[in-house]
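> generate a structure from the sequence data that follows.
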Amino acid sequence: MDSLALTPLQKAAIGGFLEILSMSAPASASYVEMMRCYALCGWNTTVFKDTAARYKFAKGTGALVDAMVRDGGFDVMTNSPVTTVNQHADGITVQTANGDIHHGRLGVITVPMNVMNSVAFNPPLSPIKREAADVKHAGGGSKVFFVVKGDPGPVMTLARSADSALIGSFTYHRGEHQSLLAGFSLEPDALDKSVEEWQAIFNDYLPDLQIIRTFGHPWGTDPLCQGSWCNYRPGTVTRFAEALPLTEGKLFFASGDHGDGWRGFMEGAIASGSQTAMAVLKTLNGG
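A predicted model of the protein is given here:
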C-alpha cells in the first residue's frame, strides 16, 4: 500500500477492507491469505461482498446446527471442555474438565488452532501442529452489532484501525422500525464502549443514524477460540495449511482453520469436515 499512489479515501477503503479480511493489522497477516479470499470470488469486489456479507441463513446459524443434530442423531454435550486426549492400542480416551471420560475407536479433533495447545495430547501432537498453536493465526478483535432506529438502507463503512475504532460495518438486517448493522473492531474495549461513543464514531459516516443499543462478542479473547476467522501469519501459510489436517495415529483433524479454499469461513469448515468424515469411514471399513 505504501508503494501505491493512493488517495486518502482509497487508503481508508482498502486498509479497512484488508483489516476486516485479516481481523488484525495488515502487517500481521499473510498477503497470500488476503489474495486467496479475493481470488475465490474471481477477483471481483461485488462478488466478494455478496459472498461474505449479503447472503445469510434466514433463521440464523443456530438453525443449521440444530438441523445437523436432528439429521445425525448423535449426542451433544455442552459446557464440557476437553482437557486430555489419550491414544492407546484399543482406540482413544477423552477426558473433560468435569472429570467425564469418553472412549472411541478413532477421534476427530476440531479444536481451533489458537487453543489446540490447551489440550494435553498423549502422545504429543507433531511439533509443527504445536508450533502453529503457539504462533496462532492473526485473526482477533470483536464483532459488534448495532441496533439502529428505522431503515438506514444498504450501509457499508470502511476505515483503518489507526483512524477509527470501527474498521468496517454493513447492513445486516433491514426493518421498518429497527435495523441491524454488523461491525468489526480491533480495539480491546470495543464491547465496553457506550452507545454515545459509537454514535460519535458513526456520525462521521451517517450523521442521521440513531443507535439504540449494541451487543457483540470478543472473539479475540474468547477462551474457547482465542481468535476470529483464520488468517495465517506471514511465512506460515504453506507449512501450516499442509500440516494441520494430517492424521496422527488414531486422530483425524477437521477445522475451518485449515479447510481448502474458504479457510476461515463456514464453507471451509464444512469442506474439511466432509473430507475428514470420508477418511474416517474408510479407516473404519479397513481401507
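> other residues contacting the helix or strand of the chain with the lowest mean pLDDT?
Lowest by mean pLDDT, DSSP states H and E among the helices and strands of the chain is helix 45-49, with a mean of 86. Contacting residues not belonging to helix 45-49 are listed as 37, 38, 41, 156 [C-beta atoms under 8 Å, 6 or more residues apart in numbering]. Heads up, the C-betas are built off the backbone N, CA and C, glycines and all.
> now do the SS call for residue 102.
What DSSP: H, G, I helix; E, B strand; the rest coil gives for residue 102 is strand.
> wait, doesn't it sit right on residue 94?
Yes - in this structure, residue 102 is within contact of residue 94 by C-beta atoms under 8 Å, at 4.6 Å.
> between the two, who's got more neighbours?
residue 94 (18 against 14; other C-beta atoms under 10 Å).
> from residue 223, how far out is the more buried one?
Residue 94 sits 19 Å away from residue 223, going by C-beta to C-beta, to the nearest Å.
> where does residue 144 land in three-state SS?
strand.
> and for the following helix or strand past the least confident helix or strand of the chain, what's in contact with it?
Per DSSP states H and E, the first helix or strand lying C-terminal to helix 45-49 is helix 61-72. Outside helix 61-72, the residues within contact range by C-beta under 8 Å, 6+ apart are 57, 76, 266.
> what does stretch 52-60 give?
By C-beta under 8 Å, 6+ apart, the surrounding residues in contact with stretch 52-60 are 37, 63, 64, 170, 172, 182, 265.
> switch to 7 Å and redo it
Stretch 52-60 is contacted from outside by 63, 64, 170, using C-beta atoms under 7 Å, 6 or more residues apart in numbering.
> the residues you listed into JSON lines, with extra columns for pLDDT and distance to residue 255?
What follows is those, written out as JSON lines (pLDDT from 0 to 100; distance: C-beta to C-beta, whole Å):
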{"residue": "63", "pLDDT": "94", "distance to residue 255": "22"}
{"residue": "64", "pLDDT": "91", "distance to residue 255": "17"}
{"residue": "170", "pLDDT": "92", "distance to residue 255": "26"}
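> and of these, the nearest to residue 274?
Using C-beta to C-beta, residue 64 is the member of the contacts of stretch 52-60 that sits closest to residue 274, with 14.5 Å.
> could you measure from the closest one over to residue 133?
Where residue 133 is concerned, residue 64 sits at a distance of 27 Å (C-beta to C-beta).
> domain parsing for the protein?
8-59+139-220, 79-137+226-284 (automatic domain parsing).
> what about the strands in the stretch 151-287 of the chain?
Applying DSSP state E, counting those that start in this stretch to the stretch 151-287 of the chain gives strands spanning 156-158, 168-173, 178-185, 211-217, 251-253.
> among the ones you listed, which is nearest residue 119?
The closest of the strands of the stretch 151-287 of the chain to residue 119 is strand 251-253. By C-beta to C-beta, the value is 11.0 Å.
> would you list the domains of the chain in CSV and tack on distance to residue 71?
Shown next, in CSV, are the domains of the chain (distance: least, C-beta to C-beta, whole Å):
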stretch, distance to residue 71
domain 8-59+139-220, 16
domain 79-137+226-284, 13
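> ok so, going back, looking at the contacts of helix 61-72, state which has the most neighbours.
residue 266 (14 neighbours).
> what is the neighbour count of residue 79?
The burial count for residue 79: 7, using other C-beta under 10 Å.
> residue contacts, it?
Contacts of residue 79 were listed using C-beta under 7 Å, 6+ apart, and none were found.
> secondary structure class for it?
The assignment at residue 79 comes out as coil when based on three-state DSSP.
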